[in-house]
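S.K.: Need the 3D shape of this:
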Amino acid sequence: MPFSRLDSIALDGIITMDSTQVIYVFYFTSSIPGYLTDGNLMSMIDFRYWRCVMKREWKCPDSEINFYLYTPERPYKQWVDVRRANKLPHYGWKLSRKNVLIIHGFNGTHSKTPMTFLRDAYLSRKDYNVFMVDWSPLTRFPCYLSALSNTKLAAQCTAQLYSHLTQAGALARKITCVGHSLGAHVCGMMSNHLTEKQYKIVGEYP
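M.R.: Residues are numbered from 1 along each chain as shown. Take a look at the predicted model:
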């Protein structure tokens with residue numbers, strides 16, 4: 001007889017913390033009983049765990065929030081060091097172009113769909129500097145509550161990049177923030193850290 005899942009039990013998480021973050025470790029077990037060919041009952045246990053990170057310190061830059069620039073001439077990933085924003089032209093950034101900040105959502109990354117579709121669509125226009133925001137270590141499944149809390153830090157750090165763009169001469173009307181799922185919340189929350197209103201925010205879901 002083939003195996004069949006009869007029940008699943010989620011155990012309580014173990015919590016560790018320091019001054020900068022809280023780490024939750026969730027355990028999940030499933031009891032999978034079945035029969036061997038000789039009629040004896042066999043029980044199997046499926047054991048999994050997930051590491052969830054909730055930030056407690058709002059300081060930018062943060063090692064788990066990264067920015068990557070793509071340009072029509074350089075349509076490949078270039079990590080941007082926001083501590084050296086004056087080096088943006090070194091990465092191929094051009095003031096004459098429009099700018100788009102693309103932010104993934106819960107359980108996403110900058111390198112998965114639909115983010116790659118959005119990136120390639122903007123690059124095909126030939127008149128955009130495309131910034132991909134990756135905060136995937138702070139958005140992992142099944143840690144939705146942690147990811148929701150971490151939107152505050154993601155917004156703060158992305159607003160720092162936005163400010164660097166305006167300080168370099170980019171006009172607000174030439175900067176668009178595109179967010180998918182929780183990424184759309186990050187776009188909106190960025191305004192809490194900016195001295196001028198954003199010109200355009202695009203929220204996408206699903």
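
S.K.: How is the closest residue to Y144 other than its chain neighbours assigned, secondary-structure-wise?
M.R.: Spatially, and ignoring its direct neighbours in sequence, Y144 is nearest to F106 (6.0 Å; CB to CB, 6 or more residues apart in numbering). C-beta coordinates here come from the backbone N, C-alpha and C atoms, glycine included. Local secondary structure at F106 is given as coil here, using DSSP: H, G, I helix; E, B strand; the rest coil.

S.K.: Based on its surroundings, how many neighbours for F106?
M.R.: With neighbours defined by other CB atoms under 10 Å, the count for F106 comes to 19.

S.K.: Touching, Y76 and Y70? I think so.
M.R.: Yes - using CB atoms under 8 Å as the test, Y76 is close enough to Y70 to be in contact (6.9 Å).

S.K.: Which one's more surrounded, the two?
M.R.: Y70 (24 against 8).

S.K.: residues in contact with the more buried one?
M.R.: With contacts taken as CB atoms under 8 Å, 6 or more residues apart in numbering, Y70 has the following neighbours: Y76, K77, Q78, R119, L123, V130, F131, M132.

S.K.: which one of those residues is nearest T166?
M.R.: Proximity of those to T166 (CB to CB) peaks at F131, which lies at 13.4 Å.

S.K.: C-terminal to the helix or strand containing Y122, what's the next element?
M.R.: Under DSSP states H and E, the secondary-structure element containing Y122 is helix 115-124. Stepping forward along the backbone from helix 115-124, the first helix or strand reached (DSSP H and E) is strand 128-134.

S.K.: And the helices in the protein, which stretches?
M.R.: Secondary structure of the chain by DSSP state H: the helices cover 115-124, 144-167, 182-189.
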